[in-house]
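Asker: dropping a prediction and its sequence here:
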Amino acid sequence: MAIRTSYSARGATRMTSSATVDGATSTSTNSTAYSTQTGSGEGGNAGMGVQVAGTATGVGNDTLAAASVSVEGTSGGSARSISASATFNAASETQPGGSGVAYTGSAIAFSGSADRLMRTDFASEHSFSDSSGSRYEANSRSSLYAFDRGGRREAERDQDRAQRDADREAGRDDGPEVNGHADLDGNVVIFDVKAVAYGDDNFVGVDLMALTVDDHLSTVDTIVTVNLG
């Protein structure tokens, strides 16, 4: 679907620094990138859906890969809304002379119609090395919110909103905390995925793969799909 953009912004920074203390040199590199888009899509009753995809991989002696995804969709009558967020973290520590990598990526694809749509994407990487070894960190975050009122009457929206609030309270679960900056010890994968759709004729699907290899690797990949009829 073509998005009629009312506002968009992009930016990126990169900085590298080094220091020498008592004959030992340490080097640090930081880079960030972000984008924001707001607008709307073609109105009507075509439904809406999102697909959230992301990956996190750490390669080294001690590694961490963490994924946190949350998607919630609601539909009633002809009104629909979807909120989605994804955070992927990776970290790696290596001994002197070793090689390491920390990589993350995330994206949210939207389909259907929306009166209002907002999406943001953020990515950062950090590396540090000195005589004791190297540490690498990466972080990717994406979020999206879409709403289509579909010409519904206010009384119908109030009734459905009250029912959705009751459903959420009955099934609320905060889940475990995912911390991409934890101290590294071994090779660890952490994931927290929530996907729910309130209403009729909806679809929720989750695909997830996680793998660790002692002293070498942590990786996690996930795809979450929510479609509202």
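Answerer: Thanks, I have it.

Asker: okay, now the unreliable bits of the protein?
Answerer: 1-7, 21-26, 39-46, 151-183 (pLDDT under 70).

Asker: let me know the next secondary structure element after whichever helix or strand Asn30 is part of.
Answerer: Element membership of Asn30 [criterion: DSSP states H and E] is strand 24-40. Next helix or strand after strand 24-40 toward the C-terminus (DSSP H and E): strand 48-59.

Asker: which residues touch stretch 118-127?
Answerer: Here stretch 118-127 makes contact (Cβ atoms under 8 Å, 6 or more residues apart in numbering) with 27-38, 102, 104-108, 110, 134-146. (C-beta placed from N, C-alpha, C; glycine too.)

Asker: kindly recompute the last result at 6 Å.
Answerer: Residues from elsewhere that reach stretch 118-127 (Cβ atoms under 6 Å, 6 or more residues apart in numbering): 29-38, 136-145.

Asker: gap between that stretch and the chain center?
Answerer: 9 Å (Cα atoms, centre = their mean, to the nearest Å).

Asker: list the buried residues in that stretch.
Answerer: Met118, Arg119, Thr120, Asp121, Phe122, Ala123, Ser124, Glu125, His126, Ser127 (16 or more other Cβ atoms under 10 Å).

Asker: dump those to JSON lines, plus distance to Ala90 and secondary structure.
Answerer: Below are those laid out as JSON lines (distance: Cβ to Cβ, whole Å; DSSP: H, G, I helix; E, B strand; the rest coil):
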{"residue": "Met118", "distance to Ala90": "26", "secondary structure": "strand"}
{"residue": "Arg119", "distance to Ala90": "22", "secondary structure": "strand"}
{"residue": "Thr120", "distance to Ala90": "20", "secondary structure": "strand"}
{"residue": "Asp121", "distance to Ala90": "17", "secondary structure": "strand"}
{"residue": "Phe122", "distance to Ala90": "15", "secondary structure": "strand"}
{"residue": "Ala123", "distance to Ala90": "11", "secondary structure": "strand"}
{"residue": "Ser124", "distance to Ala90": "11", "secondary structure": "strand"}
{"residue": "Glu125", "distance to Ala90": "9", "secondary structure": "strand"}
{"residue": "His126", "distance to Ala90": "11", "secondary structure": "strand"}
{"residue": "Ser127", "distance to Ala90": "12", "secondary structure": "strand"}
